[in-house]
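Peer 1: Sequence and predicted structure, then a few things I'm wondering about:
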Amino acid sequence: MTHSHRRRGRLGTLIGGFTATALAATGLFLATSGSADAAPTAQSAAASVPAHAVTGYWQNFDNGASVQKLSDVPSDYDIIAVAFADATTTPGGVDFTLDSAGLGGYTEDAFKADIKAKQDAGKSVVISVGGQNGTVSINDSASATNFADSLYSLMQEYGFDGVDIDLENGLNSTYMSQALESLAAKAGSGFVLTMAPQTIDMQSTSGEYFKTALAVKDILTVVNMQYYNSGSMLGCDGKVYSQGTVDFLTALACIQLEGGLDPSQVGIGTPASTSAAGSGYVAPSVVNDALDCLAKGTGCGSFKPSKTYPGLRGAMTWSTNWDATAGNAWSSAVGPHVHGL
């Protein structure tokens, strides 16, 4: 997936139907039969996050979308992911620098105060690692330690509630899991862990991203897969679905729901406007239909899941800035719907 400017995904557009066909041929998709045991509910992972939550990425840069302060982000958003932390020269290390100049003179002190104000209003603010250009390699114990230590330092400095993993250049499940468990142990209760894999990353439970999500499901708040900037992909029924449809959202979410994640750990990520992604935009009403299909069995397209998932966590968008550019049309429609599930 790609978030315009410094965000996601080269891969999806290249693969398209080829990937879906190849995965089907090799059996690398998850059929709905043989679903894994449900994970324990993720509520304990983040007591502050509501049962049905809306996540939005906030841009620490100006790429043509509305420039915002955190205080400008509508109250419909329960989790705000600050995009992005930057890799340092230390293997696994990350840092964050507020783009004060690009954000109209937004100061560090004001930014920190706005984080606190959001938290006082019951919201969570996490720091996102990755994006289209953010390459952080966690491939041994030393880099895993550096990753956890540097993120914990940022959490202490700014008051972040946790971290969002949006790595689009591959990850090592063994060492990323080690790093995240270590960070969660440092952070203690209330730690919020979100992920935003591309569609290709969640096609099979044998993929490194999916393996990571399952390995850390004891501390995982939500996986908001990016249902955009993707080629055609397989649904959990083994059929090929094209992005931009309700079936693409529901049939792909089904893979995660039947692959071992708790419904409370699954969210649907879509662009806030046609400008926010190269492809895969769907109207907010389609997002709401997909949520209803998965949670209640209504609003489905041709794909109908074999059961409902009333505990489904909610939805995510890239980005709060593109949402604002479009008059907050996404959050004003999807927000109340998620909260009413």
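Peer 2: Thanks, I have the structure now.

Peer 1: going forward, measure contacts and count neighbours with C-alpha atoms only.
Peer 2: Fine.

Peer 1: how about the strands in the stretch 101-250 of the chain?
Peer 2: Per DSSP state E, counting those that start in this stretch, the stretch 101-250 of the chain carries strands over the ranges 124-131, 162-167, 192-195, 222-226, 233-234, 240-241.

Peer 1: helices and strands around the fifth one, which ones?
Peer 2: Helices and strands touching strand 233-234, as assessed by 3 or more CA pairs under 8 Å, 6 or more residues apart in numbering; DSSP states H and E, comprise helix 11-26, strand 240-241, helix 246-258.

Peer 1: where in the stretch 1-150 of the chain is pLDDT low?
Peer 2: Confidence mapping of the stretch 1-150 of the chain against pLDDT under 70 gives the ranges 1-47, 132-134.

Peer 1: hmm, 80 instead?
Peer 2: Across the stretch 1-150 of the chain, the ranges flagged by pLDDT under 80 are 1-47, 131-135.

Peer 1: In it, mark out all the helices, start to finish.
Peer 2: In the stretch 1-150 of the chain, the helices defined using DSSP state H, counting those that start in this stretch lie at 11-26, 108-120, 141-158.

Peer 1: for Gly311, what are its contacts?
Peer 2: Listed by CA atoms under 8 Å, 6 or more residues apart in numbering, the contact partners of Gly311 are 51-52, 263-264, 295.

Peer 1: tell me the phi and psi of Asn139?
Peer 2: Main-chain dihedrals, Asn139, degrees, to the nearest 10: phi -130, psi 10.

Peer 1: show me what contacts it?
Peer 2: Taking CA under 8 Å, 6+ apart, we find Asn139 in contact with 171-172, 175-176.

Peer 1: mind redoing it with 6 Å?
Peer 2: Listed by CA atoms under 6 Å, 6 or more residues apart in numbering, the contact partners of Asn139 are 172, 175.

Peer 1: Check the gap between it and Ala179 for me.
Peer 2: 10 Å (CA to CA, to the nearest Å).

Peer 1: which non-adjacent residue is nearest Ser279?
Peer 2: Distance criterion CA to CA, 6 or more residues apart in numbering; nearest residue to Ser279, sequence neighbours excluded, is Asn229 at 4.9 Å.
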